[in-house]
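*Asks:* build me a structure from this.
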Amino acid sequence: MNREERERELWDRYKNGDSSALSELLISLAPIIERSVGQWSGSTVPAYILRARATNLVVEALDEWDPKIAKMNTHLINRLQKLSRIVYEHQNVARIPESRATKVGIFQAAEGALQDTFGREPSVAELSDYLSWNPKEVQKIQKDIRREIPSSYVEVPVVFGEESKEKMMLDYYYAGLNPTNQVIFEYTTGYGGKPVLTSNQIAKRVKLPQPDVESRKNQFVSQLKEWKVML
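*Replies:* From the prediction side, this is the model:
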């Protein structure tokens, strides 16, 4: 089976409800995403923002793709042209400075609203989308708040470089997870600067039985080992 056939098989599985296939498909499509991001490497927009937006565009395109009309890669490349608009908008937007106290207040209000909606702790991706902040801003506020609250949890240091291949692969994998699995992944691996928690602690945060959480954690490890990404 060649690469095109493999990606079509993953897309079929994803469209038939296998959410884990999306993560694997995004890994396979990473070269297309990286080429698109690389076209704007000289812009003022950080690479991680471009990569996140490009990944979102690819997921949208995969949801809408009709194999009878165009090849997958052609469809994705056409959709990724929209990345230029994001670059121009970012360069032309004048940011209004916000005090730290105001930002923390906005963040905590958003976190509370999403927790009420989902019945569990929201993921970094959900907070980022809700607040229209980039993920790094969300993670920074979370870290600032944690510094001020005594905790028995040990925070895991950042292992991967900002633009390392392993970090990119983890970003693609994370983007393909559903929101609940994103939260479990964050607290399992320390992704996004989150503290690593036990399965029991994670289960309480996501309102799932502990065996279910452990099963999902094992699936993360198995899939990432298969793709030669070490946690």
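*Asks:* what residues sit buried inside stretch 9-26?
*Replies:* Across stretch 9-26, burial judged by 16 or more other C-beta atoms under 10 Å covers Leu10, Trp11, Arg13, Tyr14, Ser20, Ala21, Leu22, Ser23, Glu24, Leu25, Leu26. (Glycine included, C-beta is placed from N, CA and C.)
*Asks:* how near is the second one to Val37?
*Replies:* In other words, Trp11. Distance of Trp11 to Val37, computed by C-beta to C-beta, to the nearest Å: 22 Å.
*Asks:* likewise the first one?
*Replies:* As for Leu10, its distance to Val37 is 21 Å (criterion: C-beta to C-beta).
*Asks:* show me the contacts for Leu53.
*Replies:* Rather than Leu, residue 53 is Arg. Arg53 makes contacts with Leu83, Ile86, as judged by C-beta atoms under 8 Å, 6 or more residues apart in numbering.
*Asks:* apply 6 Å and report the result again.
*Replies:* Ile86 (C-beta atoms under 6 Å, 6 or more residues apart in numbering).
*Asks:* got it, and Ala47?
*Replies:* Counting by C-beta under 6 Å, 6+ apart, Ala47 has no contacts.
*Asks:* what's the closest non-adjacent residue to the residue sitting nearest the centre point of the chain?
*Replies:* Taking C-alpha atoms, centre = their mean, the centroid of the chain lies closest to Ala175, which sits 3.4 Å from it. Computed as C-beta to C-beta, 6 or more residues apart in numbering, the closest residue to Ala175 that is not its neighbour in sequence is Thr55, at 4.7 Å.
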